[in-house]
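Give me coordinates for this.
(one chain, ligands or ions: 1)
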Amino acid sequence: MRRLDQTLANLGYCSRREARDWLRAGRVRVGGEPEDDPGRRVAAHAVTVDGEALDHPDGLLLLFHKPAGLVCSHEAREGPSVYDGLPERWRRRNPPVTSVGRLDKETTGLLLLTDLPDVVHRLTSPRHKVPKVYRAVLDRVVPGEAAERFAAGTLMLPGEEHPCAPAALEVLGPREARLTLTEGRYHQVRRMFAVLDATVVALHRESFGALTLEGLAPAQWRELPPGTFAAG
Ligand code: URA
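You can find the predicted model right below:
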């Protein structure tokens, strides 16, 4: 259990200093009773502020339909970000809400956002081999050898020491293909096609494990239960 002032600060309500004022003003209750000790250890579920239960005390897990033009970065200088559209309070949480892996600025599609460090760790770990499905449009006809080269598990990306894990390619049209990866290296899809002298001109992530974007328009998100990826 955490200190009450820390609990409020971590969930983005206020600073620890402000928490003391909130407690003194009687805005905060624990188990229904007014509480004025900022150091009291509490279960977040027992706390209310102005009569309301705390916002997502067990963590946030969001399935976001990333539109083009947003970066997966907290650095304001990098431009509009995937976090900009989230409620202010969520953006003040600690641990901060971050993306599970990254999509490039111009890549669209499924991105998970969470403040649960274990979830990030588990889903980005190469050991877990979560399948991620991408649809790519190329500047040229899909190279005839692409499916075989990607499936072989021997494709080397420039500057890397280990070959890419086998990846499944399905040709969808003359310049369009679906690629399933089980790892998440930097710019991986673009770099894999670049090895075959093809440039990816549009890239969209359709799914992540069993999750899809069904019913979600670009820039919308849907909440998932924080235990969705619990160990076990
Ligand atoms: N591979 C890429 O090249 N870019 C992405 O955004 C995701 C995978």
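
Tell me if stretch 76-86 is near the ligand.
No - judged by Cβ under 6 Å from any ligand atom, stretch 76-86 makes no contact with the ligand; its nearest approach is 11.8 Å. Using the backbone N, CA and C atoms, a C-beta is placed for each residue, glycine as well.

repeat for stretch 143-163
No - judged by Cβ under 6 Å from any ligand atom, stretch 143-163 makes no contact with the ligand; its nearest approach is 10.6 Å.

Other residues contacting that stretch?
164-171, 177, 179, 185, 188, 191-193, 195-198 (Cβ atoms under 8 Å, 6 or more residues apart in numbering).

how about the residues of this structure near the ligand?
103-104, 107, 187-190, 203.

coming back round to it: which ones among the contacts of stretch 143-163 are found in helices?
188, 191-193, 195 (DSSP state H).

just the buried members of those residues?
188, 191-193, 195 (16 or more other Cβ atoms under 10 Å).

Now flag whichever of those is closest to P225.
Q188 (28.9 Å; Cβ to Cβ).

Skipping its backbone neighbours, what lies nearest the closest one in space?
L181 (6.2 Å; Cβ to Cβ, 6 or more residues apart in numbering).

how does the protein divide into domains?
Domain assignment of the chain by automatic domain parsing yields the ranges 2-53, 61-125+212-225, 131-208.

The ones you listed into JSON lines, with extra columns for distance to A231 and mean pLDDT?
Output for those, formatted as JSON lines (distance: least, Cβ to Cβ, whole Å; pLDDT from 0 to 100):
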{"stretch": "domain 2-53", "distance to A231": "21", "mean pLDDT": "97"}
{"stretch": "domain 61-125+212-225", "distance to A231": "7", "mean pLDDT": "96"}
{"stretch": "domain 131-208", "distance to A231": "18", "mean pLDDT": "97"}
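
on that earlier part again, grab the two from the ones in helices among the contacts of stretch 143-163 that are most spread out in space.
Every pair of these checked by Cβ to Cβ; the farthest is Q188 and V195, at 10.9 Å.

re earlier: name only those of the contacts of stretch 143-163 that count as buried.
164, 167, 169, 177, 179, 185, 188, 191-193, 195-196, 198.

Who are the contact partners of the residue lying closest to S81 once chain neighbours are set aside?
Distances taken as Cβ to Cβ, 6+ apart place V71 nearest to S81, at 5.2 Å, with adjacent residues excluded. Applying Cβ under 8 Å, 6+ apart to V71 gives the contacts 78-82, 105.

which strand is the longest one in this protein?
strand 200-208 (DSSP state E).

which residues does V97 contact?
60, 62, 83, 86, 90-91, 113-115.
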